[in-house]
Structure formats: C-alpha cells, structure tokens
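Engineer: Please find the sequence and the predicted model below.
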Amino acid sequence: VLLCEDCHDRVNAADIHWFVSHVDPTFISGSSDEAVLKPSAPPLGPSTVAGGAATAKAKGWLADADAVLVLAGAGMSRDSALPDFRGRDGWYSVGGAEVSMEHMDFHEQSPHWETAWRTLTAMAAAFRGAAPHAGYARLRRLAAEKRVFVVTSNIDELFPRAGFDDNVYETHGSALRLQCSTVGTDAACGRGVWALDDATLDTLRRRYSGDAVDESAALPRCACGAAARPNLSHATDRDEDIDGAIKGAQRARMEAWLAAERRSKLVVLEVGCGTSVHSLRLDSEIVAASARSAKLVRVDP
C-alpha cells in the first residue's frame, strides 16, 4: 500500500496499481492490473488422493509429525450447532437470499449500522450458548502429543474456550469482544478491548427482539462516550480500524511459531474451510508449499 510522505494517507491514483499477498509475500493472490502483475499459479493444484487411502496416509503423516498447523473455517463450528456464513442457513442468508458482506458495516455513519448490529447480536447470542464439540477435544489430545498452533477465521471463541488460548490466531477477531469506534483516528481514546458481557448482550437482544428497533435499549458505548463496535475485522474495515491488543499479539505468536517450525516435520491440517478460494484454503496451500517438508491434510473438503 502506497502512503503519502506528508500526511501518511493512502494514495489512490490512476497510475498506481495494487496487489494482494498474505502468509507468503512472494505469492500474489490478486492484482489491480494483471498486465502489470499476474497472480501466482495455485501453490499445489487440485488434490489427487481421496477415500480410504487418503485417510490412512493422513494418519501416518500425523503420527510422524513434529508439529501441526490447524487451519479452521466456519465448518469447524457446525457440530456445535452453529451456522456457517454462506450456506442455506448461514448468517448471510436472510429469507433465502444472500445479504452482501457490505451489510456488516460497523462504522456509525453506515446506512447498514442497525442491520450489522442486529446480525452481530444474533451471532453473539448463538456463540455464547454454544459449546466446543468433541472435535475440539480430539485436537487438544493431538496438542498434548505434538506442537500445535491454530489459525481460524471463526469469530465464536470456541478455540480459546477449548483450551487453545495461547496457541490460536483468530484472523478476524471475535464477535464477543468490543472496542471503541475511534480506533484508527486521531481521536482514539486508547481504551483497548473488552468483553461483550451478559448485561450488554441482553440489552442488544431487547433492542432487536422485534421487527422494529427498540430505541430504549441503547447500543454499547466506550467509556470515552464514543460508540463501541465489535473487535472483529470485516470487508468494510481497514486494518487500522481494529484494535490489535489481542489480535496483534496472536498474530505475532503465530509468526514466531511458523518461523520456528519451518524445518520441522509439519502437517497443515485444514478443517471446515469449505471450497471458497478467498478462504483459509489458499493459506493452507501456501504454507504447505513453502515449508520444507510440510504435508497438507484436508478434512471434509
């Protein structure tokens, strides 16, 4: 991202091009002009082993591994009776029709402000009532035998509740944490991140209990008086909008873990990541392709 030398704002101009890379900066996943910079070829290509033979091979790899990087998407939460996002009963399906990601906009001036809070309230209530299913316990047993780190796009906090708090990176943050909406501005108050407590959640549920918004039930506010917002990053957010007190520390631990395990016998265990190309599936392939002797196992691809 090109920044202005004087005001440090982002520079947008007709003759400036952008590209996207993550996990490995040499892998280009998107470009504003493919004539200038072409996206990289898929790191691994399609999977070629399936069925019983694949299961036996995966078990052998896991038994032989020194370390396991778990990459978990919304499918991991399905057995805890939670919806995914784009499925028929997903969070972004209303009345059988998909709602655009732009509707989850937690900027106070957004026309989707109330819609976003209504969806967030339903999510938070469901997440608070859910419990980690048996699969989390299986991964904890694996972690007792191997060095395990979890990277998840899930915002339900089930991995920390299952005991992975020091070895988990929640890439989008959490729907159960709040922050001040002034983060990323000159007026940022610096309060940090706090839990969405039961009393606040009860107030939110009262606000959105009917078709009309109950204005007597107020949205949460920061101690500085500004509006609060969830500590989760979405398509409508910039990195600087999100307080990194928790997420930044998690990411730093992940980067240190990956650097330390670069030469280990590493298995990348992908669980519940669906088939979407913009999901963790691409990250799985990049890590597996760039580590010296990594193996990739996809569970329920």
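Structural biologist: Ah, there it is.
Engineer: Would you map the helices across the stretch 1-150 of the chain?
Structural biologist: Chain-ordered helices for the stretch 1-150 of the chain, with DSSP state H, counting those that start in this stretch as the definition, fall at 51-64, 113-129, 134-145.
Engineer: Apologies, that question was intended for the stretch 151-300 of the chain.
Structural biologist: Counting by DSSP H, counting those that start in this stretch, the stretch 151-300 of the chain has these helices, from start to end: 158-159, 198-207, 247-260, 280-290.
Engineer: Residue 165: which of the ones you listed is closest?
Structural biologist: Shortest distance between residue 165 and the helices of the stretch 151-300 of the chain, using Cβ to Cβ, is found for helix 158-159: 8.0 Å. Every residue, glycine included, has its C-beta placed from N, CA and C.
Engineer: Quick check: which of the helices of the stretch 1-150 of the chain is buried the most?
Structural biologist: Mean neighbour counts were compared across these using mean count of other Cβ atoms under 10 Å; the top stretch is helix 113-129, at a mean of 18.
Engineer: Just say which of the helices of the stretch 151-300 of the chain is most tucked in.
Structural biologist: Most buried of the helices of the stretch 151-300 of the chain by mean neighbour count (mean count of other Cβ under 10 Å) is helix 158-159; its value is a mean of 24.
Engineer: Centre of the chain to that helix, how far?
Structural biologist: On the basis of Cα atoms, centre = their mean, to the nearest Å, helix 158-159 sits 12 Å off its chain's mean C-alpha point.
Engineer: Likewise for stretch 241-259?
Structural biologist: For stretch 241-259, the distance from its own C-alpha centre to the chain's C-alpha centre is 12 Å (Cα atoms, centre = their mean).
Engineer: Identify all contacting residues around that stretch.
Structural biologist: Stretch 241-259 is contacted by residues 69, 107, 147, 149, 151, 166-171, 173-174, 177, 179-180, 183-184, 192-193, 231-233, 287 when judged by Cβ atoms under 8 Å, 6 or more residues apart in numbering.
Engineer: Which one, of the helices of the stretch 151-300 of the chain, ends up nearest to residue 57?
Structural biologist: For residue 57, the closest of the helices of the stretch 151-300 of the chain is helix 280-290, at 14.2 Å, according to Cβ to Cβ.
Engineer: ok so, going back, give me the buried entries from the contacts of stretch 241-259.
Structural biologist: For these, burial is judged from neighbour counts taken by 16 or more other Cβ atoms under 10 Å, and it is met by 69, 147, 149, 151, 167-171, 173-174, 177, 179-180, 183, 193, 231-233, 287.
Engineer: Of these, which belong to strands?
Structural biologist: Per DSSP state E, strands hold the following members of the buried ones among the contacts of stretch 241-259: 69, 147, 149, 151, 168-170, 173-174, 177, 179-180, 193, 231-232.
Engineer: Max pairwise distance over these: which two?
Structural biologist: Greatest spatial distance in those: 147 and 180, 36.1 Å, computed using Cβ to Cβ.
Engineer: Give me the neighbour count for residue 219.
Structural biologist: A count of neighbours around residue 219, defined by other Cβ atoms under 10 Å, yields 18.
Engineer: Model confidence score at it, please.
Structural biologist: Listed pLDDT for residue 219 reads 98.
Engineer: Quick check: it vs residue 106, distance?
Structural biologist: Separation of residue 219 from residue 106 (Cβ to Cβ, to the nearest Å): 10 Å.
Engineer: quick one: contacts for residue 32?
Structural biologist: Taking Cβ under 8 Å, 6+ apart as the definition, contacts of residue 32 comprise 17, 18, 19.
Engineer: Next, it: phi, psi?
Structural biologist: Note on residue 32: its backbone torsions stand at phi -70, psi -20 [degrees, to the nearest 10].
Engineer: The helices of the stretch 151-300 of the chain: which one's closest to residue 296?
Structural biologist: Proximity to residue 296 (Cβ to Cβ) singles out helix 280-290 among those, at 4.0 Å.
Engineer: Tell me which other helices or strands the closest one touches.
Structural biologist: Secondary-structure packing of helix 280-290 (3 or more Cβ pairs under 8 Å, 6 or more residues apart in numbering; DSSP states H and E): strand 67-72, strand 147-152, strand 266-271, strand 295-299.
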